[in-house]
Each structure stands twice: as structure tokens, then as C-alpha cells.
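Chemist: Below are the sequence and a predicted model; questions follow.
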Amino acid sequence: MKIALKKELTGSILDIGGGGEGIIGRLYGSRVTAIDNRQEELDEAPDTCTKLCMDATALSFADESFDAVTAFYSLLFMTAREQERAIAEGIRVLCPNGRLCLWDCAVKSAYPNPFVTELDVDLEGELLHTSYGICKLDAQSRESILSFCLAKGLTLLASRQEGIHFYLELQK
């Protein structure tokens, strides 16, 4: 799967699960605060933004602290309950009219056989190849994540799906 990202978000950005490749931090640089619950993932990410070891389900930021909240292929590493809590926390720290942008994939089964997907990401000319793999019991879909976001009062701005990969953009 190929994904092309462009700088479209304004203001401050909280990137949930921003360790590893640090995709959003690479694209937006110092405007990003990347959080991950694993320090080793943050250590792998390039030093292009602020990086904090933090649980997305219990953010230590004040209400309405960020203009945008992103999650680039990080929800798939969470249980359904953790996804709901992380999204609720993301909404809490999102400023009024702020954007929640989610890139992820539908996972029907990741146990007992692991689920793996590969991505080619174009960051305005910087090309990265990466893969994401998990083993978990919870399934996820664009619809399951979207329905939770809508139930929390967000407005859908954009929704795209190509095969198992999807993008959701919502506004507070």
C-alpha cells in the first residue's frame, strides 16, 4: 500500500503512538508532540519533534491543548477498550474545531496467526518503507472506530478506504 502525506494540518499536533518510524514527527517537525507507551519505540524515532513516554489512555495534558491529534497505524496495537479510551483522551485534549486524523487498517483476525501489513509512505518526497505487525484478539474496522468517534460528538470531514487501509478525519 502506498500512502502520500502532505502538510495539511495547522498548529500544534499530538501524535498518538508516534514512536518507531515517527511518520507525523518527520512530516511536521517541531509542531509535533509524539507520545508512545514504549520508550524503545520513541528512541527509534528521529529527533524531529518532542517525544514523551506516555499512555494514550491517560494523557497528562490539559484539556484543549492541541490543534490536531493524529494516530498513524497505532490504533491496531490497542485493544478495542484501549482504542476507545485513547480516542476519548485525544478528543479531550483537542481544541474546539480541532482535527482528529486517523490512519489505520481493518483487522479481522490477528490470532493465532499474526497480522502484518506493509506500507510505502511518501512524506512530500521522503520515501519510507515500513511494516506493522500484531497479534491480538480484537478485530477493528473503519466502521467500528468511526462509530465511536461520531458517538463522542465529532463531525466526519473525510473518510477513505483502499482495501484494508483507511483514513478518517474528524472535527471537534
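Modeler: Alright, I've got the coordinates. Numbering: from 1, shown residues only.
Chemist: chain center to the helix ranked longest in the chain: distance?
Modeler: Looking across the chain with DSSP state H, the single longest helix is helix 80-93. What separates the centre of helix 80-93 from the centre of its chain is 11 Å, taken as CA atoms, centre = their mean, to the nearest Å.
Chemist: Just the buried residues of that helix, please?
Modeler: For helix 80-93, the neighbour count (16 or more other CB atoms under 10 Å) marks 80, 82, 83, 84, 85, 86, 87, 89, 90, 91, 92, 93 as buried. Yep, even glycine has a C-beta here, placed from its N, CA and C like the rest.
Chemist: Now for these: which two are most distant?
Modeler: Farthest-apart pair in the buried residues of helix 80-93 is 80 and 93; separation 21.0 Å (CB to CB).
Chemist: check contacts around the residue of the chain most remote from its centre.
Modeler: Ranked by distance from the centre of the chain (CA atoms, centre = their mean), the top residue is residue 112, with 24.8 Å. By CB atoms under 8 Å, 6 or more residues apart in numbering, the contact list for residue 112 reads residue 135.
Chemist: Let me know the pLDDT of it.
Modeler: Reported pLDDT at residue 112 in the predicted model: 87.
Chemist: Would you state the strands of this structure in chain order?
Modeler: 2-5, 13-16, 32-36, 50-53, 66-72, 94-105, 110-123, 126-136, 155-162, 165-171 (DSSP state E).
Chemist: ranking the ones you listed by burial, who's on top?
Modeler: Greatest average neighbour count among the strands of the chain goes to strand 13-16 (a mean of 28), per mean count of other CB atoms under 10 Å.
Chemist: That one - which strands sit beside it in the sheet, and in what orientation?
Modeler: Strand pairing for strand 13-16, using DSSP bridges, gives strand 32-36 (parallel), strand 66-72 (parallel).
Chemist: hmm, back to that, of all the strands of the chain, which lies closest to residue 146?
Modeler: Nearest to residue 146, of the strands of the chain and by CB to CB, is strand 165-171 at 5.8 Å.
Chemist: other SSEs contacting the closest one?
Modeler: Where contact means 3 or more CB pairs under 8 Å, 6 or more residues apart in numbering; DSSP states H and E, strand 165-171 is packed against strand 94-105, helix 142-151, strand 155-162.
Chemist: can you redo these as a markdown table with distance to residue 168 and mean pLDDT?
Modeler: As requested, the helices and strands packed on strand 165-171 are exported to a markdown table (distance: least, CB to CB, whole Å; pLDDT from 0 to 100):
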| stretch | distance to residue 168 | mean pLDDT |
| --- | --- | --- |
| strand 94-105 | 5 | 98 |
| helix 142-151 | 6 | 96 |
| strand 155-162 | 6 | 97 |
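Chemist: Great, nothing more from me.
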